[in-house]
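Have a look at this prediction, sequence included:
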Amino acid sequence: MSKMFPRIGRRRALQGAAAGFVAFGLLLWWLLPLGEAPPSGTITFSTGTQAGVYQQYGKLLRTALRKDMPNLKVKLLTSDGSQENVRRVATGQADFTIAAADAVETYELADHNPGADELRGVARLYDDYVQLIVPRDSDISSVADLKGKRVAIGPPSSGVRLIADRVLKAAGIDATKDITPFADGIDTGPEGLKQGKIDAFFWSGGLPTEGLQKLAHTFTFRFVPIKPDLVADLHDHNRATRYYRATNMPESAYPSVQNGVAVPTLAVSNLLMTRKDMDPRLTEWITRTVIRSRDGIGTMVHSAQLVDLRTAIYTDPLALHEGARRYYRSVKP
């Protein structure tokens, strides 16, 4: 009988090894669909300003892409924001980017913008919230109160500039005549407010934005409400404004600033986008990483937690890229 034990042990060892190979094979299948080697090469990703959410998200997504596609090099380009990002992708200066839906439609609606017909969607990500910031003791309590004030409305090629101009117009304010406009964004606006160089500044970004979290540690400020009736007026301006929705900035966004009070404002969705000529296989892999990295990125960028497979396919006004469509079809229940 004792001679049987080595045989049984070898059989169990072989069974264990076989099970291990099966498990490894399943893992390989999950990571490498159809046994394919990951795409390689170099892509350029246009992000945003250093203190903004686009830049944060872009850095973390690059790390996630490196894990899934070790031989894919991702170059990050800082930018002023959505308007510059859309133009970069449309003209081939960048391969992928994030931009707000209203900026995309604005680019598409304008005459003679190069590459507008070539833009394609990869995923709907999360919403940007418009945030109008003033010192705590400011006498500004509404958008209309900005008349005659020094107001930072964002860099010319930013998404916030596009929205700020429209919000001001809906409130009866001409940004070129009725205020003293400044081109500060989230990178310089907070310091300008602290030093008293500006009276207010607009920001449009995911919640919370790191630049405002840092400001809250050293300066007392508050948010000016953008009320639903003003958002309703915006919808009458042009097709691009249909992407604005009236909402509330939750009290949990900046607890030490809001003190348990939600702030009426408007939101607009952000889209991950590329061009029609981008390699479908590469785009499929990138789409997969975007969806699967949500929880990991979301631990660092709160707004990324809102990336959802069920809503990611809604990239209006952009048609889905073929590679993204392949991925969504592969995971359809």
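Structure received. Remember, it's a predicted structure, so these values are computed and weren't measured experimentally.

ranges for the strands of the stretch 201-333 of the chain?
Remark: strands assigned in the stretch 201-333 of the chain by DSSP state E, counting those that start in this stretch are 221-223, 245-249, 263-275.

ok, so what distance separates the spatially closest residue to Ala240 that is not a sequence neighbour from Asn113?
Nearest non-adjacent residue to Ala240, counting by C-beta to C-beta, 6 or more residues apart in numbering: Glu105, 4.1 Å away. Using the backbone N, CA and C atoms, a C-beta is placed for each residue, glycine as well. For Glu105, the distance to Asn113 equals 11 Å [C-beta to C-beta, to the nearest Å].

After the helix or strand where Arg120 lies, heading C-terminal, what element do we hit next?
In this structure, Arg120 is located in strand 119-135 according to DSSP states H and E. Downstream of strand 119-135, the first helix or strand assigned by DSSP H and E is strand 150-152.

Please work out which residues outside that next one touch it.
164, 168, 175, 179-185, 188-189, 192-193, 197-202 (C-beta atoms under 8 Å, 6 or more residues apart in numbering).

rerun at 6 Å
179-180, 182, 184, 189, 198-201 (C-beta atoms under 6 Å, 6 or more residues apart in numbering).

and if you look at stretch 282-299?
Applying C-beta under 6 Å, 6+ apart, the set of residues contacting stretch 282-299 from outside is 39, 60, 64-65, 68, 122-123, 304-305, 307, 309, 321, 323-324, 326-327.

which of the residues in it are buried?
Neighbour-count burial for stretch 282-299 flags 282-291, 293-294, 297-298 (criterion: 16 or more other C-beta atoms under 10 Å).

can you pull the alpha-carbon coordinates of it into CSV?
The C-alpha coordinates for stretch 282-299 follow below in CSV (Å, rounded to 0.1, in the frame of the first residue of the first chain):
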residue,chain,number,x,y,z
LEU,A,282,-6.1,50.2,-30.4
THR,A,283,-9.3,52.2,-29.7
GLU,A,284,-11.1,49.0,-28.6
TRP,A,285,-8.3,48.2,-26.1
ILE,A,286,-8.2,51.8,-24.8
THR,A,287,-12.0,51.7,-24.3
ARG,A,288,-11.7,48.5,-22.3
THR,A,289,-9.0,50.1,-20.1
VAL,A,290,-11.1,53.2,-19.5
ILE,A,291,-14.0,51.1,-18.3
ARG,A,292,-12.0,48.6,-16.2
SER,A,293,-9.8,51.2,-14.6
ARG,A,294,-12.8,53.2,-13.3
ASP,A,295,-12.5,52.1,-9.7
GLY,A,296,-8.7,52.4,-9.5
ILE,A,297,-8.7,55.9,-11.0
GLY,A,298,-11.8,56.8,-8.9
THR,A,299,-9.9,56.4,-5.7
